[in-house]
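Colleague: the amino acid sequence is not available; the structure is as follows:
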């Protein structure tokens, strides 16, 4: 079966970094991705990253920064305070590429961009590297 998401967009707000009861870093963020045929409209994709990727995202990217995301789609549901069932769709991030921020896109390479390049090297998985996340590490 294929469950793969790939997208490039800008963060709509700063990354929300938290830690699970077992100490695993969990980052929640939303990426605005312009629609292919109507650049005036965007889709807002909720994403979740774990472990070192989560910590690096919280450190290196902010609202408005452009990122490339690769991951899988996960759906879920929960009951809100009124007892209604709320359905969710999230991208569970497998790989992230830090791209230029909006502020630096028209400027020559900066120290911030060099820091982003270094962070990209840190979040790239080694060939054959597996990410091990147990169900107890997931926030839902």
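Modeller: Now that the structure is in, tell me what you want to look at. Every value quoted in this text rests on a predicted model; they were computed, and no experiment measured them.
Colleague: and the residue most central in space within the chain, how far from residue 72?
Modeller: In the chain, the residue lying closest to the centroid (CA atoms, centre = their mean) is residue 47, at 4.7 Å. As judged by CB to CB, to the nearest Å, residue 47 and residue 72 stand 11 Å apart. Quick note: C-beta positions are derived from backbone N, CA and C, even for glycine.
Colleague: mutual contacts of those two, please.
Modeller: 91-92 (CB atoms under 8 Å, 6 or more residues apart in numbering).
Colleague: partners of the one helix or strand residue 28 maps to in the sheet?
Modeller: Assigned by DSSP states H and E, residue 28 belongs to strand 25-34. Paired with strand 25-34 in the same sheet, following DSSP bridges, are strand 5-11 (antiparallel), strand 16-19 (antiparallel), strand 42-50 (antiparallel).
Colleague: in the second one, which residues are buried?
Modeller: The reference is to strand 16-19. Burial within strand 16-19, assessed by neighbour count using 16 or more other CB atoms under 10 Å, is assigned to residue 17.
Colleague: list of residues touching that strand?
Modeller: Strand 16-19 is contacted from outside by 25-29, 54-55, 57-58, 139, using CB under 8 Å, 6+ apart.
Colleague: run the last query once more with 6 Å
Modeller: Strand 16-19 is contacted from outside by 25-28, 58, using CB atoms under 6 Å, 6 or more residues apart in numbering.
Colleague: one more: the last one?
Modeller: Under the criterion CB under 6 Å, 6+ apart, residues 26-34, 57, 69, 90-93, 133 lie in contact with strand 42-50.
Colleague: ok, stretch 74-84 next?
Modeller: Stretch 74-84 is contacted from outside by 85-90, 92, 140, using CB under 6 Å, 6+ apart.
Colleague: ok, longest strand in this protein?
Modeller: Counting residues, the longest strand found in the chain (DSSP state E) is strand 85-101.
Colleague: mind listing what's buried in that one?
Modeller: For strand 85-101, the neighbour count (16+ other CB under 10 Å) marks 90-94, 96, 98-101 as buried.
Colleague: of all these, the one with the weakest confidence?
Modeller: Checking pLDDT across these, the minimum falls on residue 101 at 54.
Colleague: on the three-state scheme, residue 67 is what?
Modeller: Three-state call for residue 67 (DSSP: H, G, I helix; E, B strand; the rest coil): strand.
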